[in-house]
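> 3D, please:
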Amino acid sequence: MQTTVLVIGGGATGVGVARDLALRGVDVTLVDRGSLAAGTTGRSHGVLHSGARYAEADPSDAAACLAENRVLREVAPACLDETGGYFLHLDGDDPDYFERKRAACTDLGMAVETLSGAELRKRVPEASPAVERALAVPDAVVSPSRLVVANAAAARDAGATIHAHAPVEDVHVVDGTVAGADIGGRLGATVEADVVVNATGPWAGRCAALAGVSVPMRPTRGVMVGVDNPGVDAVLNRCRAPTDGDIVVPRGDEAVLGTTSVAVGDPDDFERSEAEIERTVAECAAMCPAVDGSVRRTYWGVRPLYAPAEADRDGRAISRGFALLDHADGGAAGFFTVVGGKLTTYRKMAEATADRVCERLGVPATCRTADRPLPGADDPAELDALCAAFGVDAPAR
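Coordinates of the predicted model:
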């Protein structure tokens, strides 16, 4: 079979690329080895970041988060829960860090509000008495599953073809140019393509190797712990340098506690540490004591960290920004890898990728995804029906 662009990977970025290209009139086929949203996207805590988390350390990435946060509120409201968020400064935390965070958020043009501990507890009664002050920021909670299927449906409606349970077995490169791929599973076909986009997250290095090129990855695992929600209705972040157990995310009657960051060699086969679960619960309970109860469930995600020159650095020090790699210089023209980033910026990542692909193809059409509502934009029931239709059953619903 033939297509113009083959997109490998059915997480948020992959379906975002497929949608963007299809809306530009490009013939697109997307494949994933499992169901949509089964990888990193569907195993996240589901925070729609305001950018506050990264404001002082990476203002460029924070600005991208803030911009995309605003876009998604317009085009995908049924995928979101407008919870708001707080960064909590506890007794003993570094006061200078709090001030740097507040100043950096203000510099970004973010609407922030400083609250005393007492004012915060009026809004969030479950917050610890140890909270001395807090920053209110425009965080939200996103449904990764709904967001993925909305993009997949939009891509399909625009002409894209989507195949789940269709693993890539080989990527063909002929005379230095990509030519397509062998696809197994339910598809079982060779797909000829002018361009191949590798959007496989923490598996990007493996996929690239099939094309004979290198993508240096340093994936890290993180645990999410689901507990009974004691009544928290906003995202709670610890106002300190990112570390284990520093976020509480309300998801209906459940609160998801996160997370850890430990390097893994194999994103399919890694240790699930009971100690990490216990540490995550204990650290989150410092912000909100009532979450220290019975664990309902745990699930683990693997971050797709791109680390070309950072292999010896702690995983939390590696940029959460994204990288778009053109492998023409590596002997695989027409093969692109998009890696890194985060759920909040998936649309921006997809736009940058589609821009580069269209440049190669000579397609003059521009991006239309920033102001075009997604299917089911105001209808959660429609999105849940799409989840069932696409067979999506990710831990992060």
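
> hey, where'd the helices end up in the stretch 1-150 of the chain?
12-23, 59-75, 95-107, 117-123, 144-157 (DSSP state H, counting those that start in this stretch).

> make that the stretch 151-300 of the chain, sorry
204-210, 274-287.

> let's have the ones you listed in a markdown table, adding mean pLDDT.
A markdown table is the format used below for the helices of the stretch 151-300 of the chain (pLDDT from 0 to 100):
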| stretch | mean pLDDT |
| --- | --- |
| helix 204-210 | 98 |
| helix 274-287 | 97 |
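
> tell me which of those helices sits most buried.
Here the criterion is mean neighbour count by mean count of other C-beta atoms under 10 Å, and of the helices of the stretch 151-300 of the chain the winner is helix 204-210, at a mean of 20. Using the backbone N, CA and C atoms, a C-beta is placed for each residue, glycine as well.

> contacts for that helix?
8-9, 168-171, 181, 198, 200, 214-217, 304, 306, 327, 335, 337, 339 (C-beta atoms under 8 Å, 6 or more residues apart in numbering).

> that older thread, just send the helices of the stretch 1-150 of the chain back as CSV, with mean pLDDT, mean neighbour count and distance to residue 287 too.
Converted to CSV, those look like this (pLDDT from 0 to 100; neighbours: other C-beta atoms under 10 Å; distance: least, C-beta to C-beta, whole Å):
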stretch, mean pLDDT, mean neighbour count, distance to residue 287
helix 12-23, 98, 30, 28
helix 59-75, 96, 19, 21
helix 95-107, 98, 16, 14
helix 117-123, 98, 16, 10
helix 144-157, 98, 25, 23
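
> tabulate the ones you listed (CSV), appending distance to residue 371.
Converted to CSV, the helices of the stretch 1-150 of the chain look like this (distance: least, C-beta to C-beta, whole Å):
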stretch, distance to residue 371
helix 12-23, 11
helix 59-75, 7
helix 95-107, 26
helix 117-123, 33
helix 144-157, 13
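
> indicate which one of those helices is closest to residue 355.
helix 12-23 (8.7 Å; C-beta to C-beta).

> for that closest one, name the packing helices and strands.
Helix 12-23 is packed against strand 2-8, strand 28-31, helix 144-157, helix 346-361, with contacts defined by 3 or more C-beta pairs under 8 Å, 6 or more residues apart in numbering; DSSP states H and E.

> related to what we said a few turns ago, so which of the helices of the stretch 1-150 of the chain is nearest residue 344?
helix 59-75 (4.9 Å).

> got the angle between that closest one and helix 346-361?
100 degrees (axes from the mean of the first three to the mean of the last three C-alpha atoms, to 10 degrees).

> run the chain-centre distance for helix 59-75.
On the basis of C-alpha atoms, centre = their mean, to the nearest Å, helix 59-75 sits 13 Å off its chain's mean C-alpha point.

> same question for stretch 168-184.
27 Å.

> so which bits of it are buried?
Of all the residues in stretch 168-184, those buried under the rule 16 or more other C-beta atoms under 10 Å are 168, 171, 172, 173, 178, 179, 180, 181, 182, 183.

> make TSV out of those and add distance to residue 152.
TSV is the format used below for these (distance: C-beta to C-beta, whole Å):
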residue	distance to residue 152
168	18
171	22
172	26
173	28
178	24
179	26
180	22
181	20
182	23
183	17
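
> ok, now which ones touch residue 83?
139, 140, 141, 233, 234, 235, 250.

> nearest spatial neighbour of the third one, skipping sequence neighbours?
Among residues not flanking residue 141 along the chain, residue 81 sits closest, at 4.3 Å (C-beta to C-beta, 6 or more residues apart in numbering).

> can you tell me the closest non-neighbouring residue to residue 154?
residue 19 (4.8 Å).

> with residue 186 instead?
residue 165 (4.7 Å).

> related to what we said a few turns ago, reformat the helices and strands packed on helix 12-23 as CSV; add distance to residue 223.
As requested, the helices and strands packed on helix 12-23 are arranged in CSV below (distance: least, C-beta to C-beta, whole Å):
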stretch, distance to residue 223
strand 2-8, 27
strand 28-31, 29
helix 144-157, 16
helix 346-361, 22
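
> who touches stretch 62-73?
Under C-beta under 8 Å, 6+ apart, the answer for stretch 62-73 is 48-55, 79-80, 82, 104, 108-110, 138, 140, 142, 147, 321, 342, 344-348, 370.

> number of nearby residues for residue 10?
By other C-beta atoms under 10 Å, 33 other residues sit near residue 10.

> can you list the domain ranges for this structure.
Structural domains assigned to the chain are 2-41+144-217+314-390, 84-141+220-303, following automatic domain parsing.

> any idea which of those is most buried?
Of the domains of the chain, domain 2-41+144-217+314-390 is the most buried (mean count of other C-beta under 10 Å), at a mean of 21.

> one step back: in strands, which of the contacts of helix 204-210 appear?
Using DSSP state E, the subset of the contacts of helix 204-210 located in strands is 8, 168, 169, 170, 171, 181, 198, 335, 337, 339.

> now do the contacts for the residue positioned nearest the centre of the chain.
Against the mean C-alpha coordinate of the chain, by C-alpha atoms, centre = their mean, the closest residue is residue 343 at 2.3 Å. Residues in contact with residue 343 (C-beta under 8 Å, 6+ apart) are 12, 41, 44, 46, 47, 48, 142, 144, 147.

> and the nearest residue to residue 233 once chain neighbours are set aside, how far from residue 19?
Residue nearest to residue 233 in three dimensions, not counting chain neighbours: residue 250, with 5.5 Å by C-beta to C-beta, 6+ apart. Distance, residue 250 to residue 19, by C-beta to C-beta, to the nearest Å: 29 Å.

> cool, and residue 58?
Distance, residue 58 to residue 19, by C-beta to C-beta: 27 Å.

> residue 333 now?
Distance, residue 333 to residue 19, using C-beta to C-beta: 25 Å.

> any low-confidence regions in the stretch 101-250 of the chain?
For the stretch 101-250 of the chain, no stretch has pLDDT under 70.
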